[in-house]
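Participant: Could you work out the structure for the sequence below:
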Amino acid sequence: MSLKNIYYELSKHYDADYYTKLAKSNAMVVPVLIDIISDEYFEFDKRQAEMILENISQTDSELVYPYFDYLCDMVDREENPIFWSMLKIISNLLSCDYLDKWNNKKEIYFNALNSNAISKFSIACSCAANVVKHKADDAERVIKVLTQAKEKLFNNNSDFVMIASEIADETLKIIENEISL
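Facilitator: Below you'll find the model as predicted:
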C-alpha cells in the first residue's frame with residue numbers, strides 16, 4: 001500500500017481496531033501516524049491519530065517499539081495534548097522493551113509523576129501500573145511518590161490537592177489489583 005493510500009485510509013475515520021490490523025499488514029502505518037501527530041501542518045485529525053497509535057501500542061507494542069526514542073523526544077516537547085498521549089504510548093511499550101530504552105528515558109515519566117501540575121500527575125498515574133508491572137526496579141519509587149501525593153502542593157487550588165490524593169489512592173489500588181504487590 002502506498003503512502004497516499006495510507007493517508008486516504010486514515011481519512012476514513014474507521015475504528016482503531018481497523019487501523020491496528022492495517023499497521024500489522026503495512027509497516028508504514030505507524031510512522032505515518034507519528035508524522036501526523038508531530039507535524040503541526042497536517043490537516044488530518046491528530047487526536048484520532050493519537051488514539052490509533054495508542055491502541056496499536058496496547059495491542060501490538062512491538063509495532064511501535066522501534067519509535068520509542070522518537071516518542072520520548074515528543075514528550076520532552078511538552079505540548080500538552082501530545083504529552084498525554086505519548087506518555088501512555090511509551091508506558092504501553094514497556095512490555096516489549098528488550099533493549100531497556102526505558103532506563104535512559106524514565107526521568108521523563110518520573111518528572112511527570114512528581115509534577116506539581118495536576119494534569120501531568122494524573123496522566124503519569126494512568127501509566128503507573130504499566131511501569132510497575134514491566135519495570136520492577138522502579139516499582140518502589142512509583143509507589144513512594146503515589147503514597148506521598150497527599151502532601152503535594154499542586155499549581156492549581158486546594159481542591160486539586162484532594163483530587164490528586166484520590167487519584168493516587170485509586171492508582172495504588174489498581175496497581176495492587178493488577179500487579180498483586
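Participant: Relative to residue 109, how far out is the nearest residue to residue 38 once chain neighbours are set aside?
Facilitator: Leaving out its chain neighbours, the residue that sits closest to residue 38 by C-beta to C-beta, 6 or more residues apart in numbering is residue 74, at 6.0 Å. C-beta coordinates here come from the backbone N, C-alpha and C atoms, glycine included. To residue 109, residue 74 is 14 Å away according to C-beta to C-beta, to the nearest Å.
Participant: Could you report the neighbour count for the residue nearest to residue 38?
Facilitator: By other C-beta atoms under 10 Å, the residues close to residue 74 number 21.
Participant: I'd like to know which elements the helix or strand residue 130 falls within is packed against.
Facilitator: Per DSSP states H and E: residue 130 is located in helix 118-134. If you count contacts as 3 or more C-beta pairs under 8 Å, 6 or more residues apart in numbering; DSSP states H and E, helix 118-134 packs onto helix 80-93, helix 102-113, helix 139-147, helix 158-179.
Participant: Quick one, which of the ones you listed gets closest to residue 15.
Facilitator: Of all the helices and strands packed on helix 118-134, it is helix 80-93 that lies closest to residue 15, at 17.3 Å by C-beta to C-beta.
Participant: Distance from the chain centre to the closest one, please.
Facilitator: 2 Å (C-alpha atoms, centre = their mean, to the nearest Å).
Participant: Stretch 100-107 now?
Facilitator: Shown here is stretch 100-107, whose average C-alpha point lies 14 Å from the average C-alpha point of the whole chain (C-alpha atoms, centre = their mean).
Participant: Show me which residues of it are buried.
Facilitator: 101-102, 105-106 (16 or more other C-beta atoms under 10 Å).
Participant: Can you give me the domain boundaries for the chain?
Facilitator: Segmentation of the chain into domains, based on automatic domain parsing, reads 1-99, 100-181.
Participant: Dump those domains into a markdown table; add mean pLDDT as well.
Facilitator: As requested, the domains of the chain are exported to a markdown table (pLDDT from 0 to 100):
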| stretch | mean pLDDT |
| --- | --- |
| domain 1-99 | 86 |
| domain 100-181 | 83 |
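Participant: which ones are touching residue 64?
Facilitator: 30, 53, 56-57, 71, 89, 92-93 (C-beta atoms under 8 Å, 6 or more residues apart in numbering).
Participant: Name the member of those residues that has the highest neighbour count.
Facilitator: Ranking the contacts of residue 64 using other C-beta under 10 Å puts residue 53 first, with 30 neighbours.
Participant: Could you double-check that residue 122 lies in contact with residue 165?
Facilitator: No: contact criterion C-beta atoms under 8 Å: residue 122 and residue 165 do not qualify, at 11.7 Å.
Participant: quick one, which of those two is more surrounded?
Facilitator: residue 122 (18 against 15).
Participant: Distance-wise, check the more buried one relative to residue 24.
Facilitator: 32 Å.
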